[in-house]
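Chemist: Sequence and predicted structure below; questions after.
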Amino acid sequence: MIPAIHMSDMYKTDHRRQYPQGTTEVYSNLTARGSRIPGIDKVVVFGIQYFIQEYMVKRFNAEFFGKPKAQVVAAYKRRLDYSLGPDAVSMDHIEALHDLGYLPVTIKALPEGSRCPLRVPFLTIKNTHPDFAWVTNFLESILSAVVWQPITSATIAHSYRQLLDRYASATSDMPELVQWQGHDFSMRGMSSLESACVSGAAHLLSFTGTDTIPAID
């Protein structure tokens, strides 16, 4: 399993020194800025609870806070020393985070399954401890990587559902069949099991049928 503290872009490893001296709070947002599909002006918010439980709680507790500080810091230092040069990034902030024992951030978000207009933030995140303002945007890379697919899949499924509902209303007296007309057979074409799970779960916001068994869980 990838160590939790390694789940970031390389440039984020020393972002903290780019903030003005004395910065005690960083407040950021996640916003869908546009759509490549004509006619979509809102996105379906989905996957945030999964990100929080799977990554911020489970993986950070198991792979960072739950392991000896010397072990996790040594592995992180080795990775950065080989990538950026010896001692290019100090480890004091990582050691301090491990000593703190938790991720000092708070997240506010729209409810799962709600629709948010493009260019309007659906999530905000900020640090809750003045010594850890750097953590807010350190988490941005993995947050974006994890939630973009369920949001995209949920939004596309919702657009399909609207289309099928419209034509079912015009041509049929059995609208209940629409629940099954968008059946999901996508698992074999996904990039990973996690992609299949989160995309399949997102699809199930709009339809009942799926062949992706783990998406049900």
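Modeler: Looks like it arrived, so ask away.

Chemist: these two touch, right, Q149 and F46?
Modeler: No: judged on C-beta atoms under 8 Å, Q149 makes no contact with F46 at a distance of 9.6 Å. For glycine as for every other residue, the C-beta is placed from the backbone atoms N, C-alpha and C.

Chemist: what is in contact with these two at once?
Modeler: Residues touching both Q149 and F46 by C-beta atoms under 8 Å, 6 or more residues apart in numbering: A202.

Chemist: of the two, who's got more company?
Modeler: Legend: neighbour count by other C-beta atoms under 10 Å for Q149 and F46, higher for F46 (28 against 18).

Chemist: Quote the end-to-end distance of stretch 84-92.
Modeler: 17 Å (C-alpha to C-alpha, to the nearest Å).

Chemist: can you tell me the average pLDDT over it?
Modeler: Averaged over stretch 84-92, pLDDT sits at 95.

Chemist: Which residues outside it are in contact with it?
Modeler: So stretch 84-92 is contacted by M10, T13, D14, V73, Y76, K77, L80, D81 (C-beta under 8 Å, 6+ apart).

Chemist: In helices only, show me those residues.
Modeler: Among the contacts of stretch 84-92, the ones falling in helices (DSSP state H) are V73, Y76, K77, L80, D81.

Chemist: Buried only: go through those for me.
Modeler: V73, Y76, K77, L80 (16 or more other C-beta atoms under 10 Å).

Chemist: from those, which is closest to L143?
Modeler: When those are ranked by distance to L143 (C-beta to C-beta), Y76 comes first, at 19.3 Å.

Chemist: Do I have it right that the closest one meets I94?
Modeler: Yes: at 5.9 Å, Y76 counts as touching I94 under the criterion of C-beta under 8 Å.

Chemist: May I see the buried residues of the helix or strand bottoming out on mean pLDDT in the chain?
Modeler: Across the helices and strands of the chain, mean confidence by mean pLDDT, DSSP states H and E is lowest for helix 178-181: a mean of 92. Using 16+ other C-beta under 10 Å as the test for burial, helix 178-181 gives V178.
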